[in-house]
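**Student:** Return atomic coordinates for the entry below.
(2 chains)
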Amino acid sequence: MTTVAELESVTKIYRVRGQGVHHVAVDDVSFSVDAGETLGIVGESGSGKTTVARMLLRLTRPTSGRLTIKGIDIWAADRETRKQLPRAVQVIFQDPYASLDPRMSVGASISEGARRVFGRQQATRDLGRLLDIVGLPQRYRNLYPRELSGGQRQRVAIARALAMQPAVLVADEPVSALDVSMQGQVLNLLNDLRAELQLTCVFISHDLGIVRQFCERVLVMERGKVVEEGLPEEIFNSPTHPYTKSLIDALPRMSW
Amino acid sequence: MSSPMVVKPPEPADAGVQAPVPALEISGLSIALRTGRTEKPLVTDVSLAVAPGEIVGLVGESGSGKSLTALASIGLLPQGVEVSAGEVRLDGESLLAMDRKRLRSLCGSSISMIFQDPLSSLDPCARIGNQIIETIRAHKRVSVGEAKRDAVELLDRVGIPRAKERMRSYPYEFSGGMRQRVMIAAALVLRPRVLLADEPTTALDVTTQAGIVELVRELRSEMQMSVIWISHDLGLVGRLADRVAVMYAGEIVELAPTADLFRSSQHPYTAGLIRSGTRLSYGERFGFVPGTVTEPGHWPAGCRFLPRCDRATEACASHPLLESRGLATVRCVHPLTEGAGA
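**Tutor:** Below is the predicted model of the structure:
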């Protein structure tokens, strides 16, 4: 297995302005993701899981440590070197109502980034195929986000991310803003695409139940630290850390 | 995950012998959006009675009308949205016919509501202690000192550490979970008979959620409070409610004691919701309800779930009635227990 993404002792400290206080959002986190693998990161708000995602996306600079994608240190490498990975990491955010430009048609949203990287012709060629693979009818390319349901918007966000042919796809709570009855549709789609396109994914969620069903490996984060790591089924059936146990206990039950 | 949860029915609710007067009774409630001369139905013919000390879950996806049902009950419908038929009674007294002054005096003291977003319900410029004291003094002739004692006691009760000191804090100094606890304290400080809770834990972490659910269960047994708990999350409601009403496209499609609803759901939509929320092992397909919910104004004349239903036949072209089947009432001509002699 080749490693696609790797974090080595990554720490992120925020300084709280005026108070001289430091907030350690991510504390000495190390992990790697292999090609074609889906890694789940589970934790509650404040656990640092989104900060990890933001550092992978080059949106937040780590205070210390190394983040590499395909062996390139994404924070230390110069612009020229990074150009080898112009589209290294793509993301699907939680809220499809906030992550799409309301004034941009579905087609334009999906191919916006791809046009710059692959050129207009290829981006337009790819658009039809992308709509197909996320299960949206071709005529949707002319619609605007407000005309779409939450689940359909999330499909657009997925198509937009895939258009860039990313090395790593980060999904940050991709279904928690959707109705329960719709979540399965989007998760099954992601699951199919992952297998079909051999995607490498980082799947972030507060719901250990979803992660267990979706991810091959899971990290549990609490207050910036990785407190447990392993196979979802093992962690689920015999959690070793009390925090993991409380996450499992808090899961809604459907069986009676 | 597999151990079945024990649901203790509340004493008043299972006393079918004496048929208690419901604390809150919604009967035949219809709500419509009025634009000019046209009326678009949003909620139709909802009936739900909550016994003293009972927790009823109201479940459905966004747009099903569950929040409107609660808002109508305390006269907080948004502009242009009106009750077009039906009645809501609090201890036998009509809430809809009541004048604003009387309703104001009951809101908070007899019936109270908690909303999803605690930040927008708290005044950002006022200390939380003062906000609660203000609520108490608007309803009861008590001194500031007494009101303060009550407020501290309840903040302590809902799990705010160092409650006395925190009375002086502003909302921004609290985390989301703590703010929601403050809201719950403010809603409960007058010991209302009925609590309407509209997705109060949706924005919170799962472990915080579990804590609040536990708290509401305790308070209901302690104060004999009746609760309508609104959520899109059937799993959460299952941990809390004695009975569950499932709403779809503006109407109740199934109403049953919680354990029965999970063990043998009868409406195909309820079954779909349960499938959607059930987590399985790695690699298995996620359950879902196919299609999307039909928006108000576009509901089919017959069964409103028909476009998404795999059991539909010609018989579904006429609008099904809510019929009682066993301990449940179901709005479906082909319930899942069909032929089981329910």
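
**Student:** where exactly do the strands run in the stretch 1-150 of chain B?
**Tutor:** Counting by DSSP state E, counting those that start in this stretch, the stretch 1-150 of chain B has these strands, from start to end: B:24-35, B:38-50, B:55-59, B:81-90, B:93-94, B:111-114.

**Student:** Most tightly packed of these?
**Tutor:** Among the strands of the stretch 1-150 of chain B, strand B:55-59 has the highest mean neighbour count (mean count of other CB atoms under 10 Å in any protein chain shown), at a mean of 26. For every residue, glycine as well, the C-beta is placed using N, CA and C.

**Student:** got JSON lines for the strands of the stretch 1-150 of chain B, with mean pLDDT and distance to chain A too?
**Tutor:** Output for the strands of the stretch 1-150 of chain B, formatted as JSON lines (pLDDT from 0 to 100; distance: least, CB to the nearest CB, whole Å):
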{"stretch": "strand B:24-35", "mean pLDDT": "95", "distance to chain A": "19"}
{"stretch": "strand B:38-50", "mean pLDDT": "95", "distance to chain A": "17"}
{"stretch": "strand B:55-59", "mean pLDDT": "96", "distance to chain A": "9"}
{"stretch": "strand B:81-90", "mean pLDDT": "95", "distance to chain A": "21"}
{"stretch": "strand B:93-94", "mean pLDDT": "92", "distance to chain A": "34"}
{"stretch": "strand B:111-114", "mean pLDDT": "92", "distance to chain A": "19"}
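
**Student:** The stretch 151-256 of chain A against chain B: which residues are in contact?
**Tutor:** By the rule CB under 8 Å from any CB of the partner chain, the part of the stretch 151-256 of chain A lying against chain B is A:151-152, A:179-185, A:187-188, A:191, A:206-207, A:209-210, A:212-216, A:232-233, A:236, A:246-256.

**Student:** Run a quick neighbour tally on the closest residue to chain B within the stretch 51-200 of chain A.
**Tutor:** Using CB to the nearest CB, A:G184 is the residue of the stretch 51-200 of chain A that sits closest to chain B, at 2.9 Å. Using other CB atoms under 10 Å in any protein chain shown, A:G184 has 26 neighbouring residues.

**Student:** how about it, phi and psi?
**Tutor:** Backbone torsions for A:G184, taken as degrees, to the nearest 10, come to phi -60, psi -40.

**Student:** just A:D132 next, same as before
**Tutor:** phi -60, psi -50.

**Student:** Closest residue of chain B to chain A?
**Tutor:** B:G235 (2.2 Å).

**Student:** show me what contacts A:A114?
**Tutor:** A:A114 sits next to A:122-123, A:126, A:163-164 when contact means CB atoms under 8 Å, 6 or more residues apart in numbering or on different chains.

**Student:** Please flag which of those sit within strands.
**Tutor:** Using DSSP state E, the subset of the contacts of A:A114 located in strands is empty.

**Student:** how about those residues, which pair is most distant?
**Tutor:** Farthest apart among the contacts of A:A114 by CB to CB are A:Q122 and A:M164. That separation is 11.9 Å.
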